[in-house]
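K.L.:
Next come a sequence and a model predicted from it.
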Amino acid sequence: MGAREAGLPEVVPDDAGSGLPESVVIWEVGARDGLQNESSVVPVEVKLELLDRLADAGLTILEATSFVHPKWVPQLADADELLARLPRRPGVVYPVLVPNERGLDRALAAGVEHVAIFASATETFARRNLNRSLDEQFVMFDPVVTRARTEGLAVRGYLSMCFGDQWEGAVPRPQVIAAATRLLEMGCSQISLGDTIGVATPGQVTLLLRDLWAAGVSPDQVAVHFHDTYGQALANTLTALRAGVRVVDSSAGGIGGCPFAGSATGNLATEDLVWMLDGLGVRHGVDLDRLARTSAWMAERLGRPSSSSVVRALTG
């Protein structure tokens, strides 16, 4: 059953002063963040077809892979081959994650135009994920960002553990704001605020964004990246949109988590996000039926049902 046959909800105009945007940019992370946590290695041919299908569905930002060392994320050991074989479509951006200068070298050799770094808002996760202290991670990233910008690349800064850390508990907002502003001052054009273990609530999202704006951060510099561990990803996303955020990270079919945070379950499913945006009358440019079919196809290759409620409803 397609979206039309299912009966899309009536679009309710936003006339209650809630501040919803006219359009939202969806930052699709399925091919990188989604697949990196899979225990069985997905063939590069499947990854290439996934990226092709996602582009066919209308997604214009497709995070393709990561140049992290294969020892840490074996799933993405084929990054060089994937980018060499990837047919890059006009109007579609294919960012890659780079952990350090060596990763940036590989990205530049592959001809990428957009890179991302992955920082932590907490001391413990910085040490576990990067083998650096909270301060040392910025020392490591600074030359990466500087050189990338010099080479003409756009740089995104992921900031993990913004709401809770499984080792440290609740994360103080001033600590998150200090890390976010440091990444922006370093030269990142955008910060993606990560709820890495999925513990955030709309109230926490409201408070963090309020304090970020008060600290001089612009909504145009911020994206949100929610995990659905406690079923709050959509509610948190809606809260962020009403607070001024216009870029949302999501993963086709809801695949993914974080290989370095054991309690991190699936990402916000792109289909669930699109269904909500359709009902709100917010433009996004994605063909929901085509996307749902893509995620159902990918679920078959992963050997399990999609975790997206919308995918199951439209393709079940």
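P.N.:
Yep, it's here. It should be emphasised that the depicted structure is a prediction, and the values quoted were computed from it without experimental measurement.

K.L.:
now the helices: where do they sit in the stretch 1-150 of the chain?
P.N.:
Secondary structure of the stretch 1-150 of the chain (DSSP state H, counting those that start in this stretch): helices located at 3-6, 44-56, 79-85, 101-109, 123-130, 134-150.

K.L.:
could you dump the ones you listed to a markdown table with distance to residue 171, mean pLDDT and mean neighbour count?
P.N.:
(Each C-beta comes from the backbone N, C-alpha and C, glycine too.) What follows is these, written out as a markdown table (distance: least, CB to CB, whole Å; pLDDT from 0 to 100; neighbours: other CB atoms under 10 Å):
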| stretch | distance to residue 171 | mean pLDDT | mean neighbour count |
| --- | --- | --- | --- |
| helix 3-6 | 37 | 57 | 13 |
| helix 44-56 | 32 | 98 | 18 |
| helix 79-85 | 30 | 97 | 17 |
| helix 101-109 | 26 | 96 | 17 |
| helix 123-130 | 10 | 93 | 19 |
| helix 134-150 | 11 | 96 | 17 |
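
K.L.:
can you put these in JSON lines and add distance to residue 163?
P.N.:
Output for the helices of the stretch 1-150 of the chain, formatted as JSON lines (distance: least, CB to CB, whole Å):
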{"stretch": "helix 3-6", "distance to residue 163": "32"}
{"stretch": "helix 44-56", "distance to residue 163": "28"}
{"stretch": "helix 79-85", "distance to residue 163": "29"}
{"stretch": "helix 101-109", "distance to residue 163": "27"}
{"stretch": "helix 123-130", "distance to residue 163": "12"}
{"stretch": "helix 134-150", "distance to residue 163": "16"}
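
K.L.:
Quick one, which of those helices gets closest to residue 227.
P.N.:
Proximity to residue 227 (CB to CB) singles out helix 123-130 among the helices of the stretch 1-150 of the chain, at 14.0 Å.

K.L.:
closest to residue 254 out of the helices of the stretch 1-150 of the chain?
P.N.:
Going by CB to CB, the one of the helices of the stretch 1-150 of the chain nearest residue 254 is helix 44-56, 14.0 Å.

K.L.:
For that closest one, which outside residues touch it?
P.N.:
28, 30-31, 35, 62, 64-65, 78, 81-82, 85-87, 89, 92, 94, 252, 287, 290-291, 294, 297-298, 301 (CB atoms under 8 Å, 6 or more residues apart in numbering).
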